[in-house]
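Peer 1: Quick one, fold the following:
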Amino acid sequence: MSDTEPQTASGKVLWHFLMSLDGFVAGPNHEMDWMSGVSVRPGLHDEYIETTGAVLGGRDGWNVVNENRPYGGAWKGPIFVLTHHPEDALPADDVTFLNCGPAEAVRIGLEAAGGKNLEVFSPTIGRQLLELGLIDEIDLHVAPILLGEGIRLYDNPGSDPIRLHRVHEGDPTLAINARYRPATPRPS
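Peer 2: Have a look, this model is predicted:
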């Protein structure tokens, strides 16, 4: 499986996550400790640091990770947290709490991004934006780990399937082949 072209700062609404092989982007209580020890290709974080102009997230995730900035604190810029109760949110530098619809949050975030990408770091908000037709691209990095439970990237029981086209040369409907072995060998 080859990687996609490097990310560009073109004013996209980018739903971006590191995800477990079984489809979870966080543990049951938004835990992210499972990400330690996962490697990504060299230069990947720098690529996103350079192309991200603003971040949009949700309140549940913010309440857990509020001291942790994107990309280990290396990225600096405006963060927007969509919430129904901004009045009781813990304030932080460069963070604006929004009480509006997701489409308005995207408009505000893109304006603040200044021509760079707006990264969406919320499964719930990402799902809502996908349904509204406001996601330009979904960018996933699949980690070689099975969590078994947690916060799914996309959880919408009863909905119709959403077909996607892979951003890559060749057939955009071609499935990606991921092949792993358990890190712990099978007992003899």
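
Peer 1: Going by C-alpha atoms from here, please, whenever you check contacts or count neighbours.
Peer 2: Fine.

Peer 1: Now find how far off-centre the helix-or-strand element of the chain with minimal mean pLDDT is within its chain.
Peer 2: Counting by mean pLDDT, DSSP states H and E, the chain has its least confident helix or strand at helix 59-65, which shows a mean of 80. Computed by Cα atoms, centre = their mean, to the nearest Å, the chain-centroid distance of helix 59-65 equals 14 Å.

Peer 1: ok, residues contacting it?
Peer 2: Residues external to helix 59-65 that are found in contact with it (Cα atoms under 8 Å, 6 or more residues apart in numbering): 29, 30, 31, 81, 82, 83, 122.

Peer 1: mind listing what the residue nearest to the first one when sequence neighbours are not counted touches?
Peer 2: It stands for residue 29. What sits nearest to residue 29 in space, not counting adjacent residues and going by Cα to Cα, 6 or more residues apart in numbering, is residue 150, at 7.1 Å. Neighbouring residues of residue 150 by Cα under 8 Å, 6+ apart: 24, 25, 26, 27, 28, 29, 30.

Peer 1: most surrounded residue in those?
Peer 2: Highest neighbour count within the contacts of residue 150: residue 25, with 30 neighbours (other Cα atoms under 10 Å).

Peer 1: Mind pulling up the pLDDT for it?
Peer 2: The model reports residue 25 with a pLDDT of 92.

Peer 1: Local confidence estimate at the closest residue to it other than its chain neighbours?
Peer 2: Nearest residue to residue 25, sequence neighbours excluded (Cα to Cα, 6+ apart): residue 19, at 4.6 Å. Confidence at residue 19, expressed as pLDDT, is 92.

Peer 1: so when I look at residue 19, I'm seeing a helix, right?
Peer 2: No: using DSSP: H, G, I helix; E, B strand; the rest coil, the secondary structure at residue 19 is strand, not a helix.

Peer 1: Can you get me a residue count around it?
Peer 2: Neighbours around residue 19, by other Cα under 10 Å: 22.

Peer 1: Now do the contacts for it.
Peer 2: 25, 26, 140, 141, 142, 143, 153.

Peer 1: Next one: the residue nearest to the last one when sequence neighbours are not counted from residue 175, what distance?
Peer 2: Taking Cα to Cα, 6+ apart, and ignoring the residues beside it in sequence, residue 153 has residue 123 as its nearest neighbour in space, at 5.1 Å. If you measure residue 123 against residue 175 using Cα to Cα, to the nearest Å, the figure is 22 Å.

Peer 1: quick one: which of those two has more around it?
Peer 2: Neighbour count, other Cα under 10 Å: between residue 123 and residue 175, residue 123 has more, with 23 against 9.
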